[in-house]
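Colleague: Pasting a predicted model and its sequence here:
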Amino acid sequence: MEQAAGKRRNPALAWLKEIGIIVVVALLLSFLIKTFLFRAFYIPSTSMENTLEVNDRIFVNLLVPQPIGLERGDVVVFRDDLGWLPANGAGDDGGNWFQQALTFVGLMPDSSEQHLVKRVIGIGGDRVVCCDADGRITVNGKALDEPYLHPDSTNESQPFDVVVPDGKIWVMGDNRNHSADSREHRDEASGGFIALDSVEGKAAVIAWPLDRMGVIGNYPEVFDSVPPAGGGSAPANTPSGRSEQEGGE
């Protein structure tokens, strides 16, 4: 009887069953990772070149800013809660059913939601000023030498002097001449500041294309010498987001 039962067992079906279990477990793990640890995004613009290039696929650490704290220099992805981007086209369904399934489990970036990616230059309490005599951004009086900037980037075209409110961040693109970042939105009610609650996470790695795969640096050495936030005198931000120094015409 045992020999007959063994003959009736189909090895192909057993193999397919094992493959099915592996696929289900892999998809479940991917979904859990996407929900609690990492999430995929793609880069649609040149605003972060050369750190990030158009069509790069990146993975974002969802543990930042909570429970892991956010730091100056971090590249962050945040929701467009302030309407910085044009509205998505009507009828955008995020692709076919297969693409939607891959997006749901975290194996494909979600193109149906509005997000931006920028570098954190100032955190709550920081006074961020553009520019010093050499055209550099200063944070709490310390000039920044920024090796991550696009070679053609300049700062002087948009001078500003702001103090970042608690619970907010000041963000700028690495390609300063082609980045509509905090500088562009100082006259709005938000003052150009992004709420920490809007931050999805910290961009950790470039996953695709393969020839660009690698860790996304936050260059801690650039900010190591920045004095503590609120350590020096700073102008109060006006409701428009500009400092009192900028308020005059």
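Modeller: Looks like it arrived, so ask away.

Colleague: Point out the other elements, helices or strands, that the longest strand anywhere in the chain touches.
Modeller: Taking DSSP state E as the criterion, the chain has its longest strand at strand 199-208. Here strand 199-208 touches strand 38-42, strand 57-61, strand 75-79, strand 214-215, going by 3 or more CB pairs under 8 Å, 6 or more residues apart in numbering; DSSP states H and E. Placement of C-beta: from N, CA and C, glycine included.

Colleague: Could you rerun that using 10 Å?
Modeller: When contacts are defined as 3 or more CB pairs under 10 Å, 6 or more residues apart in numbering; DSSP states H and E, strand 199-208 sits against strand 38-42, strand 57-61, strand 75-79, strand 115-122, strand 214-215.

Colleague: For the second one, list the C-alpha coordinates in CSV.
Modeller: What follows is strand 57-61 as a C-alpha-only set of coordinates in CSV (Å, rounded to 0.1, in the frame of the first residue of the first chain):
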residue,chain,number,x,y,z
ARG,A,57,14.8,53.7,-8.3
ILE,A,58,15.5,54.2,-4.6
PHE,A,59,14.6,52.5,-1.4
VAL,A,60,13.5,54.7,1.5
ASN,A,61,14.1,53.9,5.2
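
Colleague: what angle sits between it and strand 115-122?
Modeller: 60 degrees (axes from the mean of the first three to the mean of the last three CA atoms, to 10 degrees).

Colleague: Point out the other helices and strands that strand 57-61 packs with.
Modeller: By 3+ CB pairs under 10 Å, 6+ apart, strand 57-61 packs against strand 38-42, strand 75-79, strand 115-122, strand 199-208.

Colleague: quick one: strands adjacent to the last one?
Modeller: Pairing partners of strand 199-208, with direction, according to DSSP bridges: strand 57-61 (antiparallel), strand 75-79 (antiparallel), strand 214-215 (antiparallel).

Colleague: Out of those, the one nearest residue 191 is which?
Modeller: Residue 191 lies closest, by CB to CB, to one member of those: strand 75-79, at 15.4 Å.

Colleague: if you average pLDDT over that closest one, what comes out?
Modeller: Computed over strand 75-79, the mean pLDDT rounds to 96.

Colleague: Output it as PDB - backbone C-alpha positions only.
Modeller: Taking Å, rounded to 0.1, in the frame of the first residue of the first chain, the C-alpha atoms of strand 75-79 are listed here in PDB:
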ATOM      1  CA  VAL A  75      18.000  63.000   1.600                       C
ATOM      2  CA  VAL A  76      14.300  62.600   2.400                       C
ATOM      3  CA  VAL A  77      11.200  61.700   0.500                       C
ATOM      4  CA  PHE A  78       8.100  63.600   1.700                       C
ATOM      5  CA  ARG A  79       4.400  63.900   0.700                       C
END
